[in-house]
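> requesting a structural model of the entry that follows:
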Amino acid sequence: MGPICDNRLIQKYIGEAKDMEKRVSECQALPALSCPVVLPLVDFNMRQWKNKSDEIKRREILCNLVLLVGAVTEAQGQVSQECGAGQLSQLYRHASSFLLLLQTFGWEEGPWEPGCSPRSIEQTHVTEIFLTYRQLVQGKLRFFFHNLAKDSCD
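Sure, this is the predicted structure:
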């Protein structure tokens, strides 16, 4: 269970998420998206979250990530401006690697089906995609990894 035992790793991801968010906000004249993208609402109630099993949490985060990666892909097709496009492809790589990582943590046998409909919102601003990603990493993902580390690391 290597990477989850190192707390610096999630801090690094949070730092990168903040950096990407900051850099995309500095892109000059980033146009609004002509087709809105659907983003997951990633806020959560701490008490309810603590009462969920690791598997439920994992699936919930996977659902959020699937929707987020879809939104990034959708936005990539609409943003031709170099600065925004560059940040989007970086975000795509980051979010996709989390997606793969979480898919390898399956505690329940059988393939993972993205049969989920998380709460979501339509947005036309590229910056909202980065904000959502940062909130997800700083929130659910950080607590999820923190919990896993508590259970599986010395």
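> name the helix or strand for Gly70, please.
Element membership of Gly70, judged by DSSP states H and E, is helix 54-76.
> centre of the chain to that helix, how far?
Relative to the chain's own centre, helix 54-76 is displaced by 6 Å; criterion: CA atoms, centre = their mean, to the nearest Å.
> and the helices in the protein?
For the chain, applying DSSP state H gives helices covering 7-25, 46-50, 54-76, 82-103, 126-136, 142-152.
> out of the ones you listed, which is the most enclosed?
Ranked by mean neighbour count, the helices of the chain are led by helix 126-136 with a mean of 22 (mean count of other CB atoms under 10 Å). Every C-beta, even on glycine, is put in place using the N, C-alpha and C of the backbone.
> about what we covered before: remind me what the helix holding Gly70 packs against, helices and strands.
Judged by 3 or more CB pairs under 8 Å, 6 or more residues apart in numbering; DSSP states H and E, helix 54-76 is in contact with strand 37-40, helix 82-103, helix 126-136, helix 142-152.
> weakest of these by average pLDDT?
Looking at the helices and strands packed on helix 54-76, the lowest mean pLDDT belongs to helix 142-152 (a mean of 84).
> and the contacts of that one?
The contact list for helix 142-152, computed with CB atoms under 8 Å, 6 or more residues apart in numbering, reads 1, 4-5, 7, 9-10, 14, 49, 54, 57-58, 61, 105.
> between these, which is nearest Ala85?
Among those, Ile14 lies closest to Ala85 (CB to CB), at 23.6 Å.
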